[in-house]
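Engineer: Requesting a structural model of the entry that follows:
(chains A and B)
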2 protein chains.
Amino acid sequence: MMRTREGGMDLKPMDAEQLRESAHKMVGFIADYYQTIESFSVLGQVRPEYLHQLLPDSAPNHSEPLQDVLNGDVSQLSFHFIGTRIHVLNGQFLDEIADVDTKILPGVTHWQSPNYIAYFPFYGSFAGSLGQMLSAGINIVGFSWVTSPAATELETIVTDSLAKLLKLPRQGGGVMQGTASEFVLTVQLAARDKVLKKVGKSALGKLVVYSSDQTHACIQKASQIAGIHAENCRAPKTDSSTNFDLSPRAVSDAISQDTASGRIPLFLCATVGTTSSTGVDPFASLGKIAKLIFLLVLISTKLFSYISATPEGNGMWFHVDAAYAESAYICPEYRHYIDGVEEADSFDLDPHKWFPTNFDCAVLWVKEPIYLPH
Amino acid sequence: MMRTREGGMDLKPMDAEQLRESAHKMVGFIADYYQTIESFSVLGQVRPEYLHQLLPDSAPNHSEPLQDVLNGDVSQLSFHFIGTRIHVLNGQFLDEIADVDTKILPGVTHWQSPNYIAYFPFYGSFAGSLGQMLSAGINIVGFSWVTSPAATELETIVTDSLAKLLKLPRQGGGVMQGTASEFVLTVQLAARDKVLKKVGKSALGKLVVYSSDQTHACIQKASQIAGIHAENCRAPKTDSSTNFDLSPRAVSDAISQDTASGRIPLFLCATVGTTSSTGVDPFASLGKIAKLIFLLVLISTKLFSYISATPEGNGMWFHVDAAYAESAYICPEYRHYIDGVEEADSFDLDPHKWFPTNFDCAVLWVKEPIYLPH
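Structural biologist: This next block holds a predicted model:
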């Protein structure tokens, strides 16, 4: 019970029975939504700023006792990060559902509609929604083991079993986060700090990152955040003659040139399922370049100090971004496309793309997790 | 309909009616959880690795037709990122609810329990859970305006109305993300790139970040990611004589020393509600140091090129991390504690701490949003 400044009115939150009642109404609303989803235009038929005209621009600036909220016409706001605004009126969900119906849904892009065929496939499944409902309902806080051991352990069990499905090397381990973009940054930072620890921080301007012009923009963002100089980001052009795949020759040429000029190859990112054309880079060859040919180049250019600085003293960091397509390689008939994956220092995939997993869920495996805390 | 390789069995996902039925069961489970929450020990009574002994280490390695899943004893896994593992059995939720009951809940830390009094206050409310249920149910994808205009616009409306409640300066705008840690990184990168654009990338090693020994660890993580040298991170010691507040004198001394040595003060972070003691740094004074005294120091040391590089040519970037405590300043009787907030280039708060908002939800306001895309 909390006493407000004005009027001495009591404020009392919902109890479990009111949650039960409201949540059943919410279930009905969501199920009805899916039964009528084809009646919606897939893209919201709204113009920018439409919602500003429909909603007040201020939250109520003083509290109301629950009784007024339950039986009166005063609305109460609740903030939620992915965009629901809830009016609790008469202890019922009528008002906020009307709000969602008439103000929110017209501005929603209906990714779950059977008529949605843009971009990548839909994100999620009803089973995924139910899972999310459970974890939201219990309000799981999972940022370390002790904050909810079950969350951390289940994350490990699920990433391990997913690795088994994909027949990934047994070495290393996996974690889940929101998107593959976060992971590309994470491993690039791990590679950067590992190398700079050996060759000195002032060598930051010498570090070079390799990808292709088809690689997701997250590689450039990650490089910018990590402080890699823009002029040291190599993205050789690709074309239709090689299905827009990154050419191993272009990469090895760039490496030779860079090492001859005293620069330090740091990071190579190959993509399995590019964003623009779902192309698959020849990452087995690229992995060999990252690990073997690269070493020969280094020896010939006498960059010995760098050799011992690379992960396991064995080439530059090789990351495979399989955010979109790797789910396919669970099928034995496609698995051969990722033969050679054991060369990778790290690889990621997004279950929220091909898997029946709701947005957002990304998985990263790292061969030597010890480098992450660096 | 999808045909599997083996046995030619059909695989059919849940329809809206099955979702309705299962979701009602889920609501019952969640409401029952809250009605019995006091029967749980707040901390999970489990040892590390407990869950590995209770769950199989592989997901089923082949699909089953829905009929077998509905009527047989074959379980089907669904992955979800914050830790629910769902077995659908007999089209009912009995099995996975039993799983959650007997395997997951014993390993959950019950943040919502009335007996939970550790760390910061609880994260969320039933209204917040219902909001999350709605957005999870509709499976909102909100990473840009077009992916769901309502999500982006509601985010702006809510951050604007929250700014009004806090009487923040009208300049600038706000966004929501997961945690304040992400925001401290974001604004430090914005400050870094703004300055380096003027003084050259090679000056990275000269940039200095100021905070106190009470500042949340995210400031050091952000500095490390941004490539700020560890020896250029100043965190003056505090003690009980000043309630563990950051001393303006210590900061201005450090600035004088750094500029005299040719280093470039980049970023000052003041905290409103520190993690260890909920201390409130004297940020009105600190803001003046960041903007005015600092300029005098620069002029005296002739670092003119840097002056024009700072935001608006006006001092170093001043960030206020109010992740924990700023919610209190909605109350007019506490608002005076953040007088001077208009000096800040950016400030953040976490509604998932004091607000009835479920984990996770953080808000950042930036005075000059134009610097973020840099």
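Engineer: can you map out the strands along the stretch 251-374 of chain A?
Structural biologist: Assigned by DSSP state E, counting those that start in this stretch, the stretch 251-374 of chain A shows strands spanning A:264-271, A:317-321, A:346-349, A:362-366.
Engineer: In a markdown table, list these along with mean neighbour count.
Structural biologist: For the C-beta atoms, the positions are set from N, CA and C on the backbone; glycine is no exception. Shown next, in a markdown table, are those (neighbours: other Cβ atoms under 10 Å in any protein chain shown):
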| stretch | mean neighbour count |
| --- | --- |
| strand A:264-271 | 28 |
| strand A:317-321 | 29 |
| strand A:346-349 | 29 |
| strand A:362-366 | 25 |
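Engineer: Ok, which of these comes nearest chain B?
Structural biologist: Closest to chain B of the strands of the stretch 251-374 of chain A, according to Cβ to the nearest Cβ: strand A:362-366, at 8.1 Å.
Engineer: for that closest one, packing partners?
Structural biologist: helix A:149-165, strand A:173-177, helix A:180-199, strand A:346-349, helix A:351-354 (3 or more Cβ pairs under 8 Å, 6 or more residues apart in numbering or on different chains; DSSP states H and E).
Engineer: now, of those, which is deepest in the fold?
Structural biologist: Among those, strand A:346-349 has the highest mean neighbour count (mean count of other Cβ atoms under 10 Å in any protein chain shown), at a mean of 29.
Engineer: Can you give the contact residues for that strand?
Structural biologist: Residues from elsewhere that reach strand A:346-349 (Cβ atoms under 8 Å, 6 or more residues apart in numbering or on different chains): A:168, A:180, A:183-184, A:187, A:317-323, A:326-327, A:341, A:362-367.
Engineer: Next up, the contacts around the residue nearest the centre of chain A.
Structural biologist: Residue closest to the mean C-alpha point of chain A, counted by Cα atoms, centre = their mean, is A:Thr179 at 0.6 Å. Contacts for A:Thr179 (Cβ under 8 Å, 6+ apart) come out as A:218, A:323, A:350, A:360, A:362.
Engineer: Least confident of those?
Structural biologist: pLDDT across the contacts of A:Thr179 is lowest for A:Asp360, at 82.
Engineer: on that earlier part again, next, give me the two most distant ones among the contacts of A:Thr179.
Structural biologist: Maximum pairwise distance in these, criterion Cβ to Cβ, is 13.6 Å, between A:Cys218 and A:Asp360.
Engineer: rewinding a little: export the helices and strands packed on strand A:362-366 as TSV, with columns for mean pLDDT.
Structural biologist: Listed next are those as TSV, based on pLDDT from 0 to 100:
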stretch	mean pLDDT
helix A:149-165	91
strand A:173-177	90
helix A:180-199	93
strand A:346-349	92
helix A:351-354	85
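Engineer: Surely A:Pro13 and B:Gly128 touch.
Structural biologist: No - contact criterion Cβ atoms under 8 Å: A:Pro13 and B:Gly128 do not qualify, at 10.3 Å.
Engineer: Compare these two and say which is more crowded by neighbours.
Structural biologist: Per other Cβ atoms under 10 Å in any protein chain shown, whichever of A:Pro13 and B:Gly128 has more neighbours is B:Gly128, with 26 against 13.
Engineer: Might one say that the more buried one is in contact with B:Thr357?
Structural biologist: Yes - between B:Gly128 and B:Thr357 there is a contact under Cβ under 8 Å: 5.1 Å.
Engineer: how near is A:Leu162 to A:Glu153?
Structural biologist: From A:Leu162 across to A:Glu153, the span is 15 Å (Cβ to Cβ, to the nearest Å).
Engineer: A:Arg335 now?
Structural biologist: Counting by Cβ to Cβ - A:Arg335 and A:Glu153 are separated by 28 Å.
Engineer: just A:Ile299 next, same as before
Structural biologist: Here the distance between A:Ile299 and A:Glu153 works out to 44 Å (Cβ to Cβ).
Engineer: now do A:Glu368
Structural biologist: Counting by Cβ to Cβ, the separation of A:Glu368 from A:Glu153 is 22 Å.
Engineer: tell me, how many neighbours does A:Glu333 end up with?
Structural biologist: 9.
Engineer: Please disregard the earlier target; I meant A:Arg20.
Structural biologist: Residues lying near A:Arg20 (other Cβ under 10 Å) number 18.
Engineer: Let me see the contact set for it.
Structural biologist: B:27-28, B:31.
Engineer: Would you mind naming what in the stretch 251-374 of chain A lies close to chain B?
Structural biologist: Proximity of the stretch 251-374 of chain A to chain B is confined to A:331-333, A:351, A:355-361 under the rule Cβ under 8 Å from any Cβ of the partner chain.
Engineer: Got a ChimeraX select line for the buried ones in those?
Structural biologist: Applying 16 or more other Cβ atoms under 10 Å in any protein chain shown to those, the buried members can be selected in ChimeraX as follows:
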select /A:351,355,356,357,358,359,360,361
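Engineer: pLDDT weak spots in chain A?
Structural biologist: Along chain A, the parts satisfying pLDDT under 70 run over A:1-12, A:60-99, A:121-123, A:301-314, A:373-374.
Engineer: can you list the domain ranges for it.
Structural biologist: A:2-117, A:145-371 (automatic domain parsing).
Engineer: Most tightly packed of the ones you listed?
Structural biologist: Of all the domains of chain A, domain A:145-371 carries the top mean neighbour count, a mean of 20, counting by mean count of other Cβ under 10 Å.
Engineer: May I have the distance across that domain, first residue to last?
Structural biologist: This stretch, domain A:145-371, spans 20 Å end to end (Cα to Cα, to the nearest Å).
Engineer: again with stretch A:257-266
Structural biologist: 14 Å.
Engineer: Need the contact partners of that stretch.
Structural biologist: A:188, A:191-192, A:195, A:199, A:203, A:206-210, A:228, A:232, A:234, A:255, A:294, A:297-298, A:301, A:303, A:306, A:316-317.
Engineer: Inside helices: which ones of those residues?
Structural biologist: Counted as lying in helices by DSSP state H, out of these, are A:188, A:191-192, A:195, A:199, A:255, A:294, A:297-298, A:301, A:306.
Engineer: if we take those residues, which one ends up nearest to A:Glu17?
Structural biologist: Nearest to A:Glu17 among the ones in helices among the contacts of stretch A:257-266 is A:Gln188, at 50.4 Å by Cβ to Cβ.
Engineer: residue contacts, the residue nearest to that closest one when sequence neighbours are not counted?
Structural biologist: The shortest distance from A:Gln188 to any non-neighbouring residue, by Cβ to Cβ, 6 or more residues apart in numbering or on different chains, is to A:Ala222 (4.7 Å). Residues near A:Ala222 by Cβ under 8 Å, 6+ apart: A:181, A:184-185, A:188-189.
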